[in-house]
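[1] Structure here, sequence nowhere to be found:
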């Protein structure tokens, strides 16, 4: 769907959704058009800004979306900076709207707009390695605070969310799709990925799943999903939040720097910040490179579900790195 057509299609649905929430909407600005559609809206009564998200209909059930919000509220109560959710006028977490022209039905959620700049943009503009290390130290501390809450949290019985365990990552139907079936893979590359998948599944199945190392995780906590506002870091976009290993969150935080010259320095800074809040064993940290490979394969699966993006330079970069990691992982065993 062309962007202009999509914008015309989603705006009436966004306006319909806003009528369900206890605000008097003024300005409505679309800020993101991807799997989910996100708008920034201002309440004319007090000038407070909110983020309105129209969730993709095929990714999460309503119960899973409600569970996501239950965890976000619990994190906020624990002092982790997140976007505070707003309920509808009748106390529901989401409003159900229909997209005109397509008949598509989406759940719409509203949350307070988080101020600040995206950390990834800040890092791209930073030429001083020491400043970048400082940001990663702070990111490590925020991640540890999130894990600290999750490790001891007792969710309600109705809480339901997918699991990024051995099957969730490397089973026959992984959460982000069968990466080994990507159309651009050669026969040899497919065999390599299938062999790596089997090895990774076995390795993940052996990992400890005690709450101290395996709990609810953000699962997409890279610098693109963190906002910087002075000394405050706000974590956004919990769309992928799941049960999983803490080491995966750590791998995701640094995966975009894995081929850069500063990976070791950034990783030391990140772990230093993490350990300033909660302990983490060297054994867990030794699994982080494996989880970087897991992340890369998951990205290939993500691209497999979105063929319109497959020829981007980013996809080619991911594919090259992942294939090299598959070879290294095989030699390491």
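    Ah, there it is. As the structure is a computational prediction, the values presented were derived from the model and not from experiment.
[2] Distance of residue 282 relative to residue 271?
    According to Cβ to Cβ, to the nearest Å, residue 282 stands 10 Å off from residue 271. (C-beta placed from N, C-alpha, C; glycine too.)
[3] The two: which is more packed in?
    residue 271 (20 against 7; other Cβ atoms under 10 Å).
[4] How about the more buried one: what's its closest non-neighbour residue?
    Here the nearest residue to residue 271 in space, its sequence neighbours aside, is residue 140; by Cβ to Cβ, 6 or more residues apart in numbering that works out to 6.1 Å.
[5] The one you found: neighbouring residues, count only.
    Residue 140 - counted by other Cβ under 10 Å - has 26 other residues nearby.
[6] what's residue 96 in contact with, if anything?
    Residues near residue 96 by Cβ atoms under 8 Å, 6 or more residues apart in numbering: 105, 106, 107, 108.
[7] average pLDDT across the strand or helix carrying the third one?
    Read it as residue 107. Using DSSP states H and E, residue 107 falls within strand 105-112. Across strand 105-112, the average pLDDT comes to 97.
[8] which residues are in contact with it?
    With Cβ under 8 Å, 6+ apart, strand 105-112 has contacts from 13-14, 17-18, 20-21, 23, 37, 41, 48-57, 62, 65, 69, 83-86, 93-99.
[9] Now the buried members of those.
    13-14, 17-18, 20-21, 23, 37, 41, 50-55, 65, 69, 83, 85-86, 93-95, 97, 99 (16 or more other Cβ atoms under 10 Å).
[10] circling back: after the strand holding residue 107, heading C-terminal, what element do we hit next?
    Per DSSP H and E, the first helix or strand lying C-terminal to strand 105-112 is strand 117-118.
[11] residues making contact with that following strand?
    Residues outside strand 117-118 that contact it (Cβ under 8 Å, 6+ apart): 223, 224, 226, 227, 228, 229.
[12] farthest-separated two in these?
    By the measure Cβ to Cβ, 224 and 229 form the most distant pair in the contacts of strand 117-118, at 15.7 Å.
[13] So this structure: which segments form each domain?
    Using automatic domain parsing, the domains assigned to the chain come out as 3-112, 117-332.
[14] distance between the longest one and the chain's centre?
    The gap between the average C-alpha position of domain 117-332 and the chain average comes to 9 Å, counting by Cα atoms, centre = their mean, to the nearest Å.
[15] Could you point out which residue ranges in the stretch 201-333 of the chain have low pLDDT?
    Where the stretch 201-333 of the chain drops to pLDDT under 70, the residues are 307-312, 332-333.
[16] Now intersect the buried ones among the contacts of strand 105-112 with the helices, please.
    Judged by DSSP state H, the subset of those located in helices is 13, 14, 17, 18, 65, 69.
[17] if we take those residues, which one ends up nearest to residue 152?
    Nearest to residue 152 among those: residue 69, at 19.5 Å, using Cβ to Cβ.
[18] So that closest one versus residue 17, what's the distance?
    15 Å.
[19] for this protein, which residue is closest to the average position?
    The residue lying closest to the centre of the chain (Cα atoms, centre = their mean) is residue 220, at 2.4 Å.
[20] right, and it touches residue 237 too?
    Yes - using Cβ atoms under 8 Å, residue 220 is in contact with residue 237, at 6.4 Å.
[21] quick one: low-confidence ranges for the stretch 1-150 of the chain?
    Low-confidence segments of the stretch 1-150 of the chain, defined by pLDDT under 70: 1-8.
[22] So what does residue 214 look like in phi/psi?
    phi -140, psi 110 (degrees, to the nearest 10).
[23] For it, list the residues it contacts.
    207, 208, 243, 244, 245, 246.
[24] Go again with 6 Å.
    Residue 214 makes contact with residue 245, according to Cβ atoms under 6 Å, 6 or more residues apart in numbering.
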